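Peer 1: Can you look at this prediction? I've put the sequence above it.
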Amino acid sequence: MPLLTYQEARPWAKAIRQAVVLKKMPPWFAAAGGPFHNNPSLTTKEIETIEAWVEAGAPRGAGKDAPKPVRWQEGWNIPSPDLVVTAPKPFPVPASGAVDYQFLILPLRTLEDHWVTAAEIRPGARSAVHHIVAYIRDPDSPWLKDAPRNQAFRAEGVTTSDILAIYTPGQAPFVAPEGMAKKLRAGAELVLQFHYTPNGRAEMDQTSVGLVFTGKAPAKRVLTLQMGNAEFHIPPGDPNYRVTVGGTLPNDALLLSMFPHMHLRGKAFEYDLTAEGGRDETLLRVAPYSFQWQLNYILEQPRLLPKGTHLRWTAWFDNSASNPSNPDPAKDVSYGEQSWDEMMIGFFDVAVDPKLDKSAFFVR
Ligand code: HEM
């Protein structure tokens, strides 16, 4: 429900009080690390102001003080895009059942290299979209080389291609910090990966992606890296199963943001580093983890990770019957794409020397 005007918010007053007092809203799960640029949490004073407003009968304020509502449909959340690509035809999402991941390759027909400072994915049928990932497929990549273009198909498997942007509910679009950008080589294509979750109503989804270019060569190139573990088995009923993954950075990188990803049994996720002298530090702890909120935690200040820094991600899973989201506590759970299987991936955006690409870091 939109809460942009007094008329829209008024009927929800009691639910709003409840959501903000219990800190269910705005959604935010960082329990350590940061500070984070996109932390939307309300201050104690703001929460008290909302409580007092509801207790006073949720009165209307002075009209002249009201901000102008900005609605989702009214354009992009990034600056006006230089290039917009749209799925050539809508994809029919059925009312029920599971839909395999769908892929759609959109050629961009760019004749020169571009630097992308912002990118946004706009689904057509938001309520049926669990996530969309937009990958940059370099022209010489063997990945999906012979797949059809401009039409949806099913595919599996992994790629080393860079990620341009991710859409999940509540996710901010990709906006690079000043002087930084993602590289789009001449002839590159976008590969969109769709995870649809049928919601009881048949929907047609026609997604667009908007890209903002800069003419200036950036001082840093932004790469989306990931470290994950796909070799785990979570025993039935285990309330606190721990999975880790680690690696040593082969080159200097500026850490920009972190995006932990698990499924319904995800309980907590932590990003830690060990600096050269052996000192441990927590970069981000997400606890409790909620599958419903796939959020990106953007650092207020980029953080230098010198070459040789050891990175370690830890995930905890709750496969017990006390986890209300658990689809089946009797199951031995391993890696898989659907929500009833599990994943353990820690994505992280870094800014690096513009001459480097993903092969200079963790490829997978
Ligand atoms: C101060 C800011 C916010 C207030 C007052 C607020 C208020 C609320 C309320 C009253 C509900 C209904 C809770 C219920 O069913 O009991 C709700 C649900 C929801 N809100 Fe917010 N919200 C805020 C910020 C946000 C933000 C920033 C996002 C997205 C990033 C968001 C996304 C949602 C979603 C997706 C739901 C449905 C969740 C569910 O059904 O579990 N809200 N919000």
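Peer 2: Sure thing, it's come through.

Peer 1: can we go C-alpha only for contacts and neighbour counts from here?
Peer 2: Fine.

Peer 1: what about the helix or strand hosting V54, average pLDDT?
Peer 2: Using DSSP states H and E, V54 sits within helix 44-55. Averaging pLDDT along helix 44-55 gives 98.

Peer 1: okay, it in CSV with CA atoms only?
Peer 2: The C-alpha coordinates for helix 44-55 follow below in CSV (Å, rounded to 0.1, in the frame of the first residue of the first chain):
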residue,chain,number,x,y,z
THR,A,44,14.2,7.4,18.7
LYS,A,45,12.8,10.9,18.3
GLU,A,46,11.2,10.1,14.9
ILE,A,47,9.6,6.9,16.4
GLU,A,48,8.3,8.9,19.3
THR,A,49,6.9,11.5,16.9
ILE,A,50,5.0,8.8,15.0
GLU,A,51,3.7,7.3,18.3
ALA,A,52,2.5,10.7,19.5
TRP,A,53,0.8,11.4,16.2
VAL,A,54,-1.1,8.1,16.3
GLU,A,55,-2.1,8.6,20.0
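
Peer 1: Could you identify the helix or strand that succeeds that helix?
Peer 2: The helix or strand immediately downstream of helix 44-55 is strand 83-86, counting by DSSP H and E.

Peer 1: Moving along the chain from that following strand, name the first helix or strand you hit.
Peer 2: Toward the C-terminal end, the helix or strand that comes next after strand 83-86 (DSSP H and E) is strand 91-93.

Peer 1: Can you spell out which helices and strands pack onto that next one?
Peer 2: Contact analysis of strand 91-93 by 3 or more Cα pairs under 8 Å, 6 or more residues apart in numbering; DSSP states H and E lists strand 203-205 as its packing neighbours.

Peer 1: quick one: the strand it packs on to chain centroid distance?
Peer 2: 21 Å (Cα atoms, centre = their mean, to the nearest Å).

Peer 1: Can you tell me the closest non-neighbouring residue to D357?
Peer 2: Take D357 and drop its neighbours on the chain: the residue closest to it by Cα to Cα, 6 or more residues apart in numbering is L223, 7.5 Å away.

Peer 1: what number of residues lie near K355?
Peer 2: A total of 8 residues lie near K355 under the criterion other Cα atoms under 10 Å.

Peer 1: Let me know the secondary structure of it.
Peer 2: Under the three-state scheme (DSSP: H, G, I helix; E, B strand; the rest coil), K355 adopts coil.

Peer 1: Okay, and the beta partners of the nearest residue to it once chain neighbours are set aside?
Peer 2: For K355, ignoring the flanking residues on the chain, the nearest one in space by Cα to Cα, 6+ apart is R221 at 7.9 Å. Applying DSSP bridges to R221 gives these bridge partners: A181, V352.

Peer 1: quick one, what contacts R221?
Peer 2: Taking Cα atoms under 8 Å, 6 or more residues apart in numbering, we find R221 in contact with 180-183, 351-356.

Peer 1: Please tell me how far it sits from K183.
Peer 2: 7 Å (Cα to Cα, to the nearest Å).

Peer 1: okay, how far is it across stretch 95-107, tip to tip?
Peer 2: One end of stretch 95-107 sits 30 Å from the other (Cα to Cα).

Peer 1: Name the surrounding residues that touch it.
Peer 2: Contacts of stretch 95-107 with the rest of the structure, by Cα under 8 Å, 6+ apart, involve 85, 87, 93, 148-156, 187-203.

Peer 1: 6 Å instead?
Peer 2: The contact list for stretch 95-107 (Cα atoms under 6 Å, 6 or more residues apart in numbering) reads 149-154, 189-195, 198-202.

Peer 1: Now the terminal residues of stretch 323-338, how far apart.
Peer 2: OK, stretch 323-338 end separation, Cα to Cα: 18 Å.

Peer 1: now it: how far from the chain's centre is it?
Peer 2: Centroid separation for stretch 323-338 versus its chain: 21 Å, with Cα atoms, centre = their mean.

Peer 1: Flag every buried residue along that stretch.
Peer 2: The neighbour-count check on stretch 323-338 (16 or more other Cα atoms under 10 Å) flags 323, 325-326, 328-329, 331, 333, 335, 338 as buried.

Peer 1: What residues does T248 make contact with?
Peer 2: 308-310.

Peer 1: same check, this time on L3
Peer 2: Residues near L3 by Cα under 6 Å, 6+ apart: A9.

Peer 1: Please identify which helix or strand holds it.
Peer 2: Judged by DSSP H and E, L3 forms part of no helix or strand.

Peer 1: tell me the phi and psi of it?
Peer 2: Main-chain dihedrals, L3, degrees, to the nearest 10: phi -120, psi 40.
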